[in-house]
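**Student:** turn this into a structure:
(one chain, ligands or ions: 1)
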Amino acid sequence: MQQILSGLHEECGVFGAWGVHRAADVTYFGLQALQHRGQEGCGIVAADEGGTLRRVKGLGLVSDVFNGEKTMSLPGSIAIGHVRYSTTGGGGIENVQPFLFRHNSGDFALAHNGNLVNSSELRTMLENQGSLFQSSSDSEILAHLIKKGPHAPDAPRIDAIKAALNMLEGAFSFLIMTNNRIYACRDKLGLRPLSIGRYKNGYVISSETCAFDVIGATWIRDLEPGEIVTVDRHGIRSNRYTDDLRHAMCAMEFIYFSRPDTDIEGTNVHTFRKESGKLLHQEAPADADIVVGVPDSSLSAALGYAEASGIPYEMGLVKSKYIARTFIMPSQDLRDKNVRMKLSPVKSIVGGKRVALIDDSIVRGTTSLRIVRMLREAGATEVHVRIASPMIKYPCFYGVDISSYEELLCASRTLEQARAAIEADSLAFLSEQALFEAGRRSDLCLACFNGKYPTKLYTSIEQANKDGKF
Ligand code: SF4
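**Tutor:** Below you'll find the model as predicted:
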């Protein structure tokens with residue numbers, strides 16, 4: 001069971017550029033803007049004018065892996081890139097993307113954001129048919145399906161890609177690159193975001209629109225669930241790989257993951273969070289002197305809470321800019337150390353005050369406990385914790401590291417037990433209905449809150465379900 005729950009669960013970012021001078025350089029800046037989605041490794045593949053695909057990849061931040069010299073070795077006007085986060089067991093250079101495949105029908109590269117729920121079944125099937133995998137990542141499966149499908153290798157690639165995508169279940173935003181083309185693909189539930197923009201005479205594709213603003217590109221549109229957009233010398237063309245569509249955008253993209261300056265399907269992330277903070281105050285007002293947000297992803301919700309309550313917003317916590325995000329550190333020990341390093345209470349602000357502490361979510365509860373204690377040590381008389389999302393009770397199988405049932409604070413605790421565990425004076429969570437109101441949409445995946453997974457979870461996990469393991 002533990003193996004199932006702590007498998008390859010990743011939250012990553014993809015970026016691509018087509019018809020762009022020095023595409024690898026532009027991709028480098030795009031990946032920098034997506035760095036918050038993955039900090040353990042990154043890579044870029046570019047196609048030079050002769051059609052040769054070259055790759056640079058490595059472990060670490062984009063600025064560590066790449067410098068001027070490294071991107072200089074990637075000439076050409078087409079490139080795709082990837083930033084990666086992985087859990088324990090999923091790390092290592094072999095799993096850093098994009099993957100690059102050499103094939104007699106033409107080389108191609110692939111970058112993936114998301115997680116497939118039927119990867120072990122597909123991998124077993126492919127290995128039984130003779131496939132040799134370069135990595136333990138589920139992302140490589142698509143490449144093997146494309147090359148082994150009934151349409152490969154002679155039929156147009158789009159047919160092979162469609163057939164392969166139809167075999168996948170789960171969350172994916174894929175970029176597939178050949179020496180003259182990029183295919184951008186989004187899963188049929190639209191779980192992970194993917195947008196396309198115009199950059200000079202070419203096109204760019206990104207997990208988040210914030211990357212367009214950074215490089216000066218103009219947003220064109222978001223890909224639809226189940227859509228494949230082909231980008232080549234003919235411009236952009238749209239195909240669907242299935243008619244079996246049901247939108248279920250990951251609510252955590254709005255709540256926690258995406259940058260506040262990103263727009264997801266017409267809704268700005270900061271606006272969503274601020275609205276959720278207002279609704280949180282309506283549902284759970286607190287008797288407090290000041291509102292304090294946990295930097296950075298909770299600041300928008302804290303602003304909304306303060307605005308709705310009339311209680312002044314204060315900067316009661318300061319974050320070190322140079323420490324990585326806690327949630328995406330790969331082990332509990334590293335996460336504990338990281339919390340101590342990255343947040344400091346401002347004594348002169350919180351001393352003698354009743355604090356309404358706003359956070360976006362509670363996963364393990366370690367961060368919340370430490371912050372409540374820090375605020376008390378700094379002189380806060382009361383700490384009322386308000387969470388701008390519902391209680392997380394279930395693991396995510398779609399690429400977010402909410403990996404183990406046992407690690408989730410709220411999985412087996414009542415509200416009162418959760419409050420006691422984080423030592424808060426009071427604790428309240430936002431309702432599911434308020435999340436729908438905040439985004440003015442109800443087609444969201446909320447599976448980690450309510451256990452209603454929008455896909456089948458496949459044999460081994462279903463068996464675990466039957467066994468009452470989660
Ligand atoms: S289970 Fe939660 S984190 Fe995973 S895709 Fe659904 S909403 Fe997002």
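**Student:** show me what contacts residue 359?
**Tutor:** Neighbouring residues of residue 359 by C-beta atoms under 8 Å, 6 or more residues apart in numbering: 293, 294, 298, 367, 368, 371, 385, 386, 387, 388. C-beta coordinates here come from the backbone N, C-alpha and C atoms, glycine included.
**Student:** whoops, I mixed them up, residue 194
**Tutor:** Applying C-beta under 8 Å, 6+ apart to residue 194 gives the contacts 14, 113, 173, 184, 186, 205, 206, 207, 222, 223.
**Student:** out of those, which one sits closest to residue 160?
**Tutor:** Comparing the contacts of residue 194 against residue 160 with C-beta to C-beta places residue 184 closest, at 15.9 Å.
**Student:** and that closest one, what are its phi and psi?
**Tutor:** Dihedral pair for residue 184: phi -110, psi 130, per degrees, to the nearest 10.
**Student:** what is the burial count for it?
**Tutor:** Neighbours of residue 184 under the rule other C-beta atoms under 10 Å: 26.
**Student:** could you do residue 78 as well?
**Tutor:** Neighbours around residue 78, by other C-beta under 10 Å: 29.
**Student:** re earlier: so which of the contacts of residue 194 also contact the ligand?
**Tutor:** Checked against the ligand using C-beta under 6 Å from any ligand atom, the contacts of residue 194 give no members in range.
**Student:** highest neighbour count among the contacts of residue 359?
**Tutor:** The most crowded member of these, judged by other C-beta under 10 Å, is residue 388 (32 neighbours).
**Student:** quick one: contacts for it?
**Tutor:** Residue 388 makes contact with 255, 273, 276-277, 280, 298, 301, 305, 358-361, 430, according to C-beta under 8 Å, 6+ apart.
**Student:** what's the burial count for the spatially closest residue to residue 457 that is not a sequence neighbour?
**Tutor:** Of all residues not flanking residue 457 in the chain, residue 117 sits nearest, at 5.8 Å (C-beta to C-beta, 6 or more residues apart in numbering). Residue 117: 21 surrounding residues under other C-beta under 10 Å.
**Student:** verify the contact between residue 347 and residue 380 for me.
**Tutor:** No: contact between residue 347 and residue 380 fails when scored by C-beta atoms under 8 Å: they sit 9.5 Å apart.
**Student:** neighbour-wise, which of these two wins?
**Tutor:** Taking neighbours as other C-beta under 10 Å, residue 347 and residue 380 compare with residue 380 leading, 27 against 14.
**Student:** any low-confidence regions in the stretch 101-250 of the chain?
**Tutor:** Residues of the stretch 101-250 of the chain that meet the criterion pLDDT under 70 lie in 150-156.
**Student:** how about the residues of it near the ligand?
**Tutor:** Counting by C-beta under 6 Å from any ligand atom, the residues of the stretch 101-250 of the chain close to the ligand are 191, 250.
**Student:** which residues of the stretch 101-250 of the chain fall in strands?
**Tutor:** Secondary structure of the stretch 101-250 of the chain, counting by DSSP state E, counting those that start in this stretch: strands at 108-116, 170-177, 182-186, 195-199, 202-206, 218-222, 227-232, 235-240, 249-250.
**Student:** so the first one versus strand 170-177, what angle?
**Tutor:** Orientation check (axes from the mean of the first three to the mean of the last three C-alpha atoms, to 10 degrees): strand 108-116 against strand 170-177 gives 170 degrees.
**Student:** can you list the contacts of residue 194 in CSV and add distance to residue 70?
**Tutor:** Formatted as CSV, these follow (distance: C-beta to C-beta, whole Å):
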residue, distance to residue 70
14, 19
113, 22
173, 25
184, 25
186, 30
205, 22
206, 21
207, 22
222, 31
223, 29
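**Student:** noted, bye for now.
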